[in-house]
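1. Predicted model follows, preceded by the sequence.
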Amino acid sequence: MGKVKLGLRENWKQFSLLVIINAFVGGMVGLERSILPQIAEKEFALAAKTAILSFIIVFGVVKAFSNYFAGSLANRFGRKNLLVFGWIMAIPIPFLLMFAPNWNWVIVANVFLGINQGLAWSSTVVMKIDLVGEKQRGLAMGINESAGYLAVALFAFLSGYIANQYGLRPYPFYLGIVLVFLGLLGSYFFIHDTRQHVIQEEQTSRIPRLKDIFLETTWKNRNLGSVTQAGLINNLNDGMVWGIFPILLASKEFELQEIGIITAIYPAVWGLGQLLTGKMSDKFCKKDMLFVGMLLQGIALILLIWAETMGQYMGISALLGWGTAMVYPTFLATLAENTHPLDRAKSMGIFRLWRDLGYAIGALMTGIIADYFGIITAIVFIGLLTSFSAIIIKIRMRCGEGESVKIWDWLIGKEVQSTCTNSHSMVQPLERLSY
């Protein structure tokens, strides 16, 4: 194999294919997004919110640990092999959901979904970062996450629409069979591994190796730790929205199709917004992006307690989606920027371990609070917790990007660069940030 080149333009064909594959990965989650809580209540007569949200708890735990092992396995067995195996794990999902005679089958389906999402999504993320190099990571992650979450929105809407027209099962899950078929064949026949791109970047990288990848990614490094806690809280509130939002809307007597529209707006804005916010994270201080994004999420969640009309819920869903769009590509771009190429996959896996444990923690916490104190109390609590995460970012994180612009300076027309003098050298900033 000849010398590889790093960059989005230089690798646009493989990058585009990975974007399409990641859309298929996101579509698998979208299938459940608007209708599974309704199946729990109407077909299996589950009343307790904790029991209904059990599928999210299982999904979150399995996906979290799949992410963790994906980091190590990607370096050992190759990114492509991990991607293909992730799709093999998706094969049983639509059939388990279509023919489930009891709720335990749904739980098992979400075990497979967690493995699929953990391995396949992680692989596409790391491979795109490998391809583009250091200059366009925010844009690359924006495109990647945009494709994934637009697919979540699209298939949340489609499954809700089909369920409204033809019933909750089995027709909505026929879409899943198509997604698995396209995802598996596309990954096996058209995707190439990116090991050579890692080797190429390693030769020029000046970022120091992490001494203890787990501890530094989890909390010890100020930038990495700030991103990790915010990722956990972000998915904690997403787990609440996933499970509680359809139930809240149903209690307001919205129809399934209306619920599908409202629940689809959130990931749609999240997905579309990342096309802009990913590029923004290459320009602006990532600390500012994360602080504003998490704060907007907290505000949107608290506003839910006053919403009554469909228009109000649609507006809040859009605000929540924009807040999430600001942070999601920025999480991954910050991680890539602060890690050596040889540490990146493992650090990314550790971050995604904690981030996706947020699904389980959020669903469990929300279910317990909702059962004992009501849905509104659960929503307010999660909203306040999300706002607190924004405060942690404001206090603890630093702008480590050499040529980034602080959002506040840009808003008043004052272009001020951050304190680092060289965007390609993160050695000194990283040494200052670790303690």
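-> Sure thing, it's come through.
2. which stretch of helix or strand covers Gln26?
-> I think there's a mix-up here, since residue 26 is Gly and not Gln. Using DSSP states H and E, Gly26 maps to helix 12-33.
3. Which residues does the helix or strand following that helix contact?
-> Per DSSP H and E, helix 12-33 leads on to helix 36-42 as the next helix or strand towards the C-terminus. Contacting residues not belonging to helix 36-42 are listed as 46-47, 51-53, 55, 103, 106, 163, 168-169, 243, 246-247, 250, 256, 259 [CB atoms under 8 Å, 6 or more residues apart in numbering]. C-beta here means a position set from N, CA and C on the backbone, and glycine is covered the same way.
4. Show me these that map onto helices.
-> Judged by DSSP state H, the subset of the contacts of helix 36-42 located in helices is Ala51, Ile52, Phe55, Trp103, Val106, Ala163, Gly243, Pro246, Ile247, Ala250, Leu256, Ile259.
5. before we move on, the earlier item: could you give me the average pLDDT of the helix holding Gly26?
-> When pLDDT is averaged over helix 12-33, the result is 94.
6. just stretch 331-341 next, same as before
-> Per-residue scores along stretch 331-341 average to 89.
7. do stretch 366-378 as well
-> When pLDDT is averaged along stretch 366-378, the result is 94.
8. Would you mind listing the buried residues in it?
-> Neighbour-count burial for stretch 366-378 flags Thr366, Gly367, Ile369, Ala370, Asp371, Ile375, Ala378 (criterion: 16 or more other CB atoms under 10 Å).
9. Switch these over to CSV, and while doing so, append secondary structure to every line.
-> Formatted as CSV, the buried residues of stretch 366-378 follow (DSSP: H, G, I helix; E, B strand; the rest coil):
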residue, secondary structure
Thr366, helix
Gly367, helix
Ile369, helix
Ala370, helix
Asp371, helix
Ile375, helix
Ala378, helix
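10. Least confident secondary structure element in this structure?
-> For the chain, counting by mean pLDDT, DSSP states H and E, helix 427-433 ranks last in confidence among helices and strands (a mean of 34).
11. between the buried residues of stretch 366-378, which is closest to Arg396?
-> Nearest to Arg396 among the buried residues of stretch 366-378 is Thr366, at 26.0 Å by CB to CB.
12. Low-confidence regions, the chain specifically.
-> 1-2, 400-404, 407-435 (pLDDT under 70).
13. residues touching the most centrally placed residue in it, list them.
-> With distances taken as CA atoms, centre = their mean, the residue of the chain nearest its centroid is Tyr328 (6.3 Å). By CB under 8 Å, 6+ apart, the residues touching Tyr328 are Met141, Glu145, Tyr149, Asn234, Trp270, Gln274, Thr277.
14. elements contacting the helix or strand harbouring Ile361?
-> According to DSSP H and E, Ile361 maps onto helix 341-373. Secondary structure elements in contact with helix 341-373, counted by 3 or more CB pairs under 8 Å, 6 or more residues apart in numbering; DSSP states H and E, are helix 49-52, helix 54-77, helix 122-132, helix 195-202, helix 213-215, helix 222-251, helix 310-337, helix 375-396.
15. most tightly surrounded among those?
-> Here the criterion is mean neighbour count by mean count of other CB atoms under 10 Å, and of the helices and strands packed on helix 341-373 the winner is helix 122-132, at a mean of 28.
16. Dump that helix to CSV, restricted to CA.
-> Output in CSV follows, covering the C-alpha atoms of helix 122-132 (Å, rounded to 0.1, in the frame of the first residue of the first chain):
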residue,chain,number,x,y,z
SER,A,122,-17.5,3.6,17.7
SER,A,123,-15.7,2.1,14.7
THR,A,124,-17.1,4.6,12.3
VAL,A,125,-16.2,7.5,14.6
VAL,A,126,-12.6,6.4,15.1
MET,A,127,-12.1,5.6,11.4
LYS,A,128,-13.3,9.1,10.4
ILE,A,129,-10.9,10.7,12.8
ASP,A,130,-8.1,8.5,11.4
LEU,A,131,-8.9,9.7,7.9
VAL,A,132,-9.2,13.4,8.4
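17. other SSEs contacting that helix?
-> Against helix 122-132 (3+ CB pairs under 8 Å, 6+ apart) you get helix 12-33, helix 54-77, helix 79-88, helix 137-166, helix 195-202, helix 310-337, helix 341-373.
18. how about 6 Å then?
-> With contacts taken as 3 or more CB pairs under 6 Å, 6 or more residues apart in numbering; DSSP states H and E, helix 122-132 sits against helix 12-33, helix 54-77, helix 79-88, helix 137-166, helix 195-202.
19. contacting residues around that helix?
-> 8, 11, 15, 18, 21-22, 67, 70, 74, 79, 82-83, 140, 144, 194, 197-198, 336, 345, 348 (CB atoms under 6 Å, 6 or more residues apart in numbering).
20. same check, this time on stretch 369-377
-> Here stretch 369-377 has contacts from Ala48, Lys49, Thr50, Ile244, Leu248, Ile305, Ala378, Phe381, using CB under 6 Å, 6+ apart.
21. Thanks a lot, see you next time.
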